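Q: sharing a model prediction with you, sequence too.
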Amino acid sequence: MSGIYGMVRFDQRPIDADSEVGGVRRIMTPWGPDRRTEQSRAGVLLGHLLRRITPEDASDRQPATDHEAGLTLVADLRLDNREDLAAALDMSPAECAAAPDSALLLGACVRWGERAWEHLVGACAGAVWDARRQYLVLARDAMGERPLYYHLDARRIVFASAVRAVLAFPDVPRRLNEIVLLDHLLLNWSDPEATAQQGILRLPPGCTLTVSAAHGTAQQRCYYTACGSAPELRRATQDTCVEALREALERAVHRRTRSAAAVASHLSAGLDSAAVTCAAARQLGARNLPLYAVTLGTPADQDGVVPHGRFADEAPLAAQVANRHPAIHHAVLPFPASPLLEDLAAITTGAGGLIPIAYGYATYRATIEHAARCSANVLLGGFAGNATFSSGGEYGAVCYVYRGLWRTAFALVLGHARARPMPLWRSFASLVAYQMIKAAALRLSISLPRGGPAVHGLRDVVAIRPEVLARHDLFRRAYRRGTLQFLSGVHQEPRGRLLAMVRRSGWWPDMWYGFKATLGVEVRDPLADRGLVELCLSIPPERFMAGGRSRALARAILAGQVPAELLADRRRGFQSANWMARFQAGIPLMLLLLERFKRSPAVCDLLDVPKLEALVRAFVPPVTWDHPFFERYYLFTPLAFQVGLLLARQESGGDPVDGLAGSIGNPL
């Protein structure tokens, strides 16, 4: 794990590093406690900060330069195909073992130029300066595991691993992007480039940006798209698909256990985390190394107020999984009970400022803190599994009807009916007819001048001023883009939609990156491995429903490795089951913060503060599951407070939360 930053002046004037990059250094310091190096010449400055995570990082010396080719690079990277790259670059096994990842990347850039990134597998965000052509190339890995941000104007380009670092460069405008804030309030993540700061862009996954210093121009190129990157296994048998996915899982986990210290794993009662943890335990156990697994336990009495098909306490099933593997050192931690506002304040000061799963932030932080206490510098998880490894399959039936793939749709409906069990007509009604009617009603609701029931229902829980909603026509915009969770269409294949959401959503790498900087633990997701993703998208969706079992491939792979109860249970864990208690504990602070919001023109111009206050004052926890209540207080109200905090902080230059706790004697 590293942090990178840099500047290229188009007029080649020398850069005064202390005055122009001093603020960037201060912000980026936590990213690289082991080494910080800069290289500056003729209007070009490249900086690198190192935190040693892998054994090869001990010999990493960046910026790395090939004087003959005239290339200099800085990169935050972890290459997972080191052996393949070394062979292509004619390196011996001994040379490969001694070389840091940056040396392999530099060799690839010398060999293949701007197409070098197409040959990389792993997590990477980097910048390469070509002194001969006066070109700067910025690039991100295919799955977007490492973030990279930049600001480009007529005089220069500046870039860094964090938005706050880009803002620290001189003369970078500090203006919040209203459209991004509004999209966030509606859970719309359709723009892979825009950030909360106007003028600061995020380089999309699988893309390069080539900037000509001589001409002051920039050209973006997308070098990778997951869909269609592997041939579909249409004629493959079920057993063939199972074995192929098993091999891909083992390979992905093996790649991500490369570490100079201990390895930890997030273990819930789900198939994804169990698959990753079991594979890692076998591989590390074979090397006589431990795996520190951690589970967040929630009291079982919360089961009554979690969604249908979910359960609260995952600790018992997780413990059964851990007990089957001697290498696992299992710990069960209580779920954090801190007031919600504490997490919202932390989110808006880091992590890019916006995270849609506010309650999950505490879960991830507690898990990573435990990994750090175990002296681990890597935490494994199965966060992308719903789109890849454990894809259910059945909920794509309606999209295949729209695309005319009737055999695929029928296979999914039949599998769904057998799995429940239920009559075939009921399965068809649930998976196809109901979804088509719902989509038609939604289209009608969106098209009406004043909006229909679906729009009115969402408008009631979103704390955006009505004039702002009307000015930007937000609901139609979100529906057209098809990524809004509650207004998305049904035409796109669910796995592709989920994968696109993961790759487009900058908040995932932002959040992990912030934790790495503060806690020194790198989060790795084997289920977002490029090879595994390509394989999963090539497997016909009906294979995930074979034998009438949802997530059939994952269950077949885990048979004999996890308790039968876990394989048979169709429910999923709900790791934020105490969210209502946390919201209620934060209400006094929220009401005080709302008083500050009322005095902020920036907040009042965008948010409907009286409506937000009414929602907070009306909070009464239900005794059973209430979906509208969940949407209102679990999803949309925390989003509004995040946006309000960002607006108030940017307007005043201070922290709106400062001093609130002392006002009521309840310290944050």
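A: Structure received.
Q: going forward, measure contacts between C-alpha atoms and count neighbours the same way
A: Noted.
Q: got a list of what residue 38 touches?
A: Listed by C-alpha atoms under 8 Å, 6 or more residues apart in numbering, the contact set of residue 38 reads 45-48, 63.
Q: roughly how far does it sit from residue 44?
A: 10 Å (C-alpha to C-alpha, to the nearest Å).
Q: repeat that for residue 601.
A: In terms of C-alpha to C-alpha, residue 601 sits 40 Å off from residue 44.
Q: of those two, give the one with the bigger neighbour count.
A: Neighbour comparison, residue 601 and residue 44: the larger count goes to residue 44, with 23 against 12 (by other C-alpha atoms under 10 Å).
Q: ok, and the closest non-adjacent residue to that one?
A: Closest residue to residue 44 apart from its sequence neighbours, by C-alpha to C-alpha, 6 or more residues apart in numbering: residue 8 at 4.5 Å.
Q: could you dump whatever helix or strand the one you found lives in to PDB, C-alpha only?
A: In the assignment (DSSP states H and E), residue 8 maps to strand 2-9. Extracted C-alpha coordinates of strand 2-9, given in PDB (Å, rounded to 0.1, in the frame of the first residue of the first chain):
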ATOM      1  CA  SER A   2       1.300   3.400  -0.900                       C
ATOM      2  CA  GLY A   3       0.200   7.000  -1.500                       C
ATOM      3  CA  ILE A   4       1.100   8.900  -4.600                       C
ATOM      4  CA  TYR A   5       0.800  12.500  -5.700                       C
ATOM      5  CA  GLY A   6       2.300  14.800  -8.400                       C
ATOM      6  CA  MET A   7       2.100  17.900 -10.500                       C
ATOM      7  CA  VAL A   8       2.900  18.600 -14.200                       C
ATOM      8  CA  ARG A   9       3.200  22.300 -15.300                       C
END
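Q: partner strands of that strand and their direction?
A: Strand pairing for strand 2-9, using DSSP bridges, gives strand 44-50 (antiparallel), strand 156-160 (antiparallel).
Q: so for residue 274, which of these sits nearest?
A: Minimum separation from residue 274 across the strands paired with strand 2-9 (C-alpha to C-alpha) falls at strand 44-50, 31.7 Å.
Q: residues touching residue 276, list them.
A: For residue 276, the contact set (C-alpha under 8 Å, 6+ apart) comprises 249, 253, 265, 380-382, 526-527.
Q: repeat that with 7 Å
A: For residue 276, the contacting residues are 253, 381-382, by C-alpha atoms under 7 Å, 6 or more residues apart in numbering.
Q: list the contacts of residue 555.
A: Here residue 555 is in contact with residue 567 (C-alpha under 7 Å, 6+ apart).
Q: name the helix or strand for it, please.
A: helix 552-558.
Q: which residue ranges of the stretch 551-668 of the chain form helices?
A: 552-558, 564-568, 579-585, 587-598, 601-606, 609-617, 627-630, 637-652, 660-664 (DSSP state H, counting those that start in this stretch).
Q: the ones you listed into CSV, with extra columns for mean pLDDT and distance to residue 141?
A: Formatted as CSV, the helices of the stretch 551-668 of the chain follow (pLDDT from 0 to 100; distance: least, C-alpha to C-alpha, whole Å):
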stretch, mean pLDDT, distance to residue 141
helix 552-558, 88, 26
helix 564-568, 79, 34
helix 579-585, 87, 35
helix 587-598, 91, 39
helix 601-606, 92, 35
helix 609-617, 92, 39
helix 627-630, 80, 36
helix 637-652, 88, 29
helix 660-664, 49, 42
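Q: turn these into JSON lines, columns for distance to residue 74.
A: Rendered in JSON lines, the data for these read as follows (distance: least, C-alpha to C-alpha, whole Å):
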{"stretch": "helix 552-558", "distance to residue 74": "39"}
{"stretch": "helix 564-568", "distance to residue 74": "45"}
{"stretch": "helix 579-585", "distance to residue 74": "41"}
{"stretch": "helix 587-598", "distance to residue 74": "42"}
{"stretch": "helix 601-606", "distance to residue 74": "38"}
{"stretch": "helix 609-617", "distance to residue 74": "45"}
{"stretch": "helix 627-630", "distance to residue 74": "45"}
{"stretch": "helix 637-652", "distance to residue 74": "31"}
{"stretch": "helix 660-664", "distance to residue 74": "42"}
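Q: of those helices, which is nearest residue 427?
A: Here helix 552-558 is closest among those (C-alpha to C-alpha), at 17.8 Å.
Q: helix, strand, or coil at the residue lying closest to residue 200 once chain neighbours are set aside?
A: Spatial nearest neighbour of residue 200, excluding adjacent residues (C-alpha to C-alpha, 6+ apart): residue 151 at 4.9 Å. With DSSP: H, G, I helix; E, B strand; the rest coil as the basis, residue 151 sits in strand.
Q: residue 151 pairs with what?
A: residue 158.
Q: do I have it right that it meets residue 201?
A: Yes. Between residue 151 and residue 201 there is a contact under C-alpha atoms under 7 Å: 6.4 Å.
Q: overlap in contacts of the two?
A: With C-alpha under 7 Å, 6+ apart, residue 151 and residue 201 have no common neighbours.
Q: residue 72 belongs to a strand?
A: Yes. Assessed with three-state DSSP, residue 72 lies in a strand.
Q: let's number from 33 now, not from 1
A: From this message on, residue numbering opens at 33, which makes the last subject residue 104.
Q: who touches it in this structure?
A: By C-alpha under 7 Å, 6+ apart, the neighbours of residue 104 are 95-98, 160-162.
Q: Provide a PyMOL selection command restricted to the buried entries of these.
A: Buried residues within those, by 16 or more other C-alpha atoms under 10 Å, are selected in PyMOL with:
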select buried, resi 95+96+97+160+161+162
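Q: in helices only, show me the contacts of residue 104.
A: Judged by DSSP state H, these include no members of helices.
Q: now the contacts of residue 104 as a markdown table including pLDDT?
A: Formatted as a markdown table, the contacts of residue 104 follow (pLDDT from 0 to 100):
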| residue | pLDDT |
| --- | --- |
| 95 | 94 |
| 96 | 94 |
| 97 | 94 |
| 98 | 93 |
| 160 | 96 |
| 161 | 96 |
| 162 | 95 |
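Q: who are the packing partners of the longest helix anywhere in the chain?
A: Secondary structure assigned by DSSP H gives helix 270-288 as the longest helix of the chain. With contacts taken as 3 or more C-alpha pairs under 7 Å, 6 or more residues apart in numbering; DSSP states H and E, helix 270-288 sits against helix 303-318, helix 562-570, helix 584-590.
Q: any chance of those helices in JSON lines with distance to residue 422 as columns?
A: Output for the helices and strands packed on helix 270-288, formatted as JSON lines (distance: least, C-alpha to C-alpha, whole Å):
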{"stretch": "helix 303-318", "distance to residue 422": "7"}
{"stretch": "helix 562-570", "distance to residue 422": "9"}
{"stretch": "helix 584-590", "distance to residue 422": "5"}
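Q: what's the closest of those to residue 452?
A: helix 584-590 (13.6 Å).
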